[in-house]
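J.: here you go, sequence then predicted model.
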Amino acid sequence: MGKRRSASEVAVVRARLKAEFVSNLSSPGVLLEEMPLSSTDRCQWRCSAKGCGHQWPAQLRFRTRAVKPSGCY
């Protein structure tokens, strides 16, 4: 089990994810702010890199890993 993140670390992760969150595919209508970072809900994401716009589905917990978080490739 990994170490707990500080409130400021969680805030940074949530801000990064908020910029890419499109929708919750597992529980439509549930917002990112309502889910714990360890959620297994599958969500739709959109790359925030300028000019990319690539979209992909991924579980929230894989986007929030401290080592190798999933994202646009």
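T.: Received it, and whenever you're ready, just let me know what you need. Residues are numbered from 1 along each chain as shown.
J.: neighbours around the residue nearest to residue 24 when sequence neighbours are not counted, how many?
T.: What sits nearest to residue 24 in space, not counting adjacent residues and going by CB to CB, 6 or more residues apart in numbering, is residue 30, at 4.6 Å. Where C-beta positions appear, they are placed from N, C-alpha and C, glycine not excepted. Counted by other CB atoms under 10 Å, the residues lying close to residue 30 total 14.
J.: report the separation between residue 30 and residue 15.
T.: For residue 30, the distance to residue 15 equals 19 Å [CB to CB, to the nearest Å].
J.: can you give me the strands in this protein?
T.: With strands called from DSSP state E, the chain shows them at 21-24, 42-46, 55-59.
J.: can I get these in JSON lines including mean pLDDT?
T.: Formatted as JSON lines, these follow (pLDDT from 0 to 100):
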{"stretch": "strand 21-24", "mean pLDDT": "97"}
{"stretch": "strand 42-46", "mean pLDDT": "97"}
{"stretch": "strand 55-59", "mean pLDDT": "95"}
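J.: let me have the ones you listed in TSV, extended by mean neighbour count and distance to residue 34.
T.: Putting the strands of the chain into TSV (neighbours: other CB atoms under 10 Å; distance: least, CB to CB, whole Å) gives the following:
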stretch	mean neighbour count	distance to residue 34
strand 21-24	17	9
strand 42-46	17	12
strand 55-59	14	16
